[in-house]
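Undergrad: show me the folded form of this:
(2 chains)
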Number of protein chains: 2
Amino acid sequence: MTVLKHTGDFAWEHVNLLKYKEEGTHFKSVTRQILFGGSKNLPGELRYFEIAPGGHSTLERHEHLHVVIIIRGNGMALVGTDVVSLDLFDVVHIPSRTWHQFQATAEEPLGFLCLVNTDRDRPERPGKADLNEMKKTPAVAQFIKR
Amino acid sequence: MTVLKHTGDFAWEHVNLLKYKEEGTHFKSVTRQILFGGSKNLPGELRYFEIAPGGHSTLERHEHLHVVIIIRGNGMALVGTDVVSLDLFDVVHIPSRTWHQFQATAEEPLGFLCLVNTDRDRPERPGKADLNEMKKTPAVAQFIKR
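TA: Residues are numbered from 1 along each chain as shown, chains lettered A, B, ... in the order given. The predicted structure is shown next:
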């Protein structure tokens, strides 16, 4: 398919609306759509994630990088020990092995494109010691959900 | 830099506005901004291109793929022998070795994200025989600029 037409409201022809992850209670109200699945000549995947108002992605880290660009609404993210606000068209680089979590506001969805390598490691979730370390930063302690 | 804040009007903090290409008269009114330059762990580049009203990108082809998503305005593109209209958030996959060209309308800019592999071949421009072949399709003959 050469062109995936946007059909309005951040849905595309021939693109399935997927669960963010198959299981777990460590995220809330997140959907996933694969806009490009990667190929030998371009081993990256481009996905569109949308977090409904009040929702959040998993608090996690991994070796692989994320490049994110906000294309709907606004929200906040944890990146390492920083809590940052995210507005339309902001770009976020998540470095390797960096704790991160995205959250929508209570009022509107947060939608973003996320680029990853096709070949990537599984995310790791924080243990008790990791959480204790994170919570030393008050803004982080207030922010994280799990 | 973890977050590249969008400063309005499709410009970003810490991101330079670049020429589309260093030389040539085979394109018109195109700018380029690099939002992610690629890394060993994620060998893709994410660029934002903007074509001003009445402008167009180079008519070219190459081995490497493009994945494009429109984030500003609308326009048209040649992809192989198809002339397609492009609206906000449409996704375009440009396959390997496929002639392509993007054009803005006369009224508004066409802005899009474009994902490519970091390691990629140089584009090829059409010769006389290629152009004659392309022009066998009337819609293509009408569309192409060079």
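
Undergrad: switch to C-alpha atoms for all contacts and neighbour counts from now on
TA: Noted.

Undergrad: low pLDDT regions in chain A?
TA: Where chain A drops to pLDDT under 70, the residues are A:1.

Undergrad: and the angle from the top strand by length along it to strand B:44-56?
TA: Looking across chain A with DSSP state E, the single longest strand is strand A:44-56. Angle, strand A:44-56 to strand B:44-56, by axes from the mean of the first three to the mean of the last three Cα atoms, to 10 degrees: 100 degrees.

Undergrad: helices or strands up against strand A:44-56?
TA: strand A:28-36, strand A:100-104, strand A:110-117 (3 or more Cα pairs under 8 Å, 6 or more residues apart in numbering or on different chains; DSSP states H and E).

Undergrad: list the buried ones in the first one?
TA: So that's strand A:28-36. Across strand A:28-36, burial judged by 16 or more other Cα atoms under 10 Å in any protein chain shown covers A:Lys28, A:Ser29, A:Val30, A:Thr31, A:Arg32, A:Gln33, A:Ile34, A:Leu35, A:Phe36.

Undergrad: still on that earlier bit, looking at the helices and strands packed on strand A:44-56, which is closest to chain B?
TA: Closest to chain B of these, according to Cα to the nearest Cα: strand A:110-117, at 5.3 Å.

Undergrad: with only the CA atoms kept, save that closest one in CSV.
TA: This file holds the C-alpha atoms of strand A:110-117, laid out as CSV (Å, rounded to 0.1, in the frame of the first residue of the first chain):
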residue,chain,number,x,y,z
LEU,A,110,-2.0,12.5,24.0
GLY,A,111,-1.1,11.1,20.6
PHE,A,112,2.4,10.6,19.3
LEU,A,113,4.5,8.9,16.6
CYS,A,114,7.3,6.7,18.0
LEU,A,115,10.2,5.4,16.0
VAL,A,116,12.1,2.3,17.2
ASN,A,117,14.5,-0.2,15.7
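
Undergrad: partner strands of that strand and their direction?
TA: Take DSSP bridges as the rule and strand A:110-117 pairs in its sheet with strand A:44-56 (antiparallel), strand A:66-73 (antiparallel).

Undergrad: could you tell me the angle between that strand and strand A:28-36?
TA: Inter-element angle recorded for strand A:110-117 and strand A:28-36: 50 degrees (by the same axes, to 10 degrees).

Undergrad: which helix or strand lies directly C-terminal to strand A:110-117?
TA: For strand A:110-117, the succeeding helix or strand toward the C-terminus, using DSSP states H and E, is helix A:128-134.

Undergrad: A:Val84 - that's part of a helix, no?
TA: No - using DSSP: H, G, I helix; E, B strand; the rest coil, the assignment for A:Val84 is strand, not a helix.

Undergrad: what residues does chain A put near chain B?
TA: Taking Cα under 8 Å from any Cα of the partner chain as the criterion, chain A approaches chain B at residues A:1-6, A:10, A:12, A:35-36, A:41-44, A:64-65, A:67, A:71, A:79, A:87-95, A:116-117.

Undergrad: redo that, cut-off 6 Å
TA: Remark: the part of chain A in contact with chain B comprises A:Thr2, A:Val3, A:Leu4, A:Lys5, A:His6, A:Leu42, A:Phe89, A:Asp90, A:Val91, A:Val92, A:His93, A:Asn117, using Cα under 6 Å from any Cα of the partner chain.

Undergrad: please indicate which of these are buried?
TA: A:Val3, A:Leu4, A:Lys5, A:His6, A:Leu42, A:Phe89, A:Asp90, A:Val91, A:Val92, A:His93, A:Asn117.

Undergrad: tally of neighbours for the residue nearest to the fourth one when sequence neighbours are not counted?
TA: Meaning A:His6. The shortest distance from A:His6 to any non-neighbouring residue, by Cα to Cα, 6 or more residues apart in numbering or on different chains, is to A:Trp12 (4.4 Å). By other Cα atoms under 10 Å in any protein chain shown, the residues close to A:Trp12 number 20.

Undergrad: for A:Trp12, give its distance to B:Leu113.
TA: Going from A:Trp12 to B:Leu113 by Cα to Cα, to the nearest Å gives 17 Å.

Undergrad: repeat that for A:Asn16.
TA: From A:Asn16 to B:Leu113 the distance is 21 Å (Cα to Cα).

Undergrad: the more surrounded of these two?
TA: B:Leu113 (23 against 12).

Undergrad: so who does that one touch?
TA: Shown in contact with B:Leu113 (Cα atoms under 6 Å, 6 or more residues apart in numbering or on different chains): B:Arg47, B:Tyr48, B:Val68, B:Ile69.

Undergrad: again, but for A:Gly75
TA: A:Ser85, A:Leu86, A:Gln103, A:Ala104, A:Thr105, A:Leu110.
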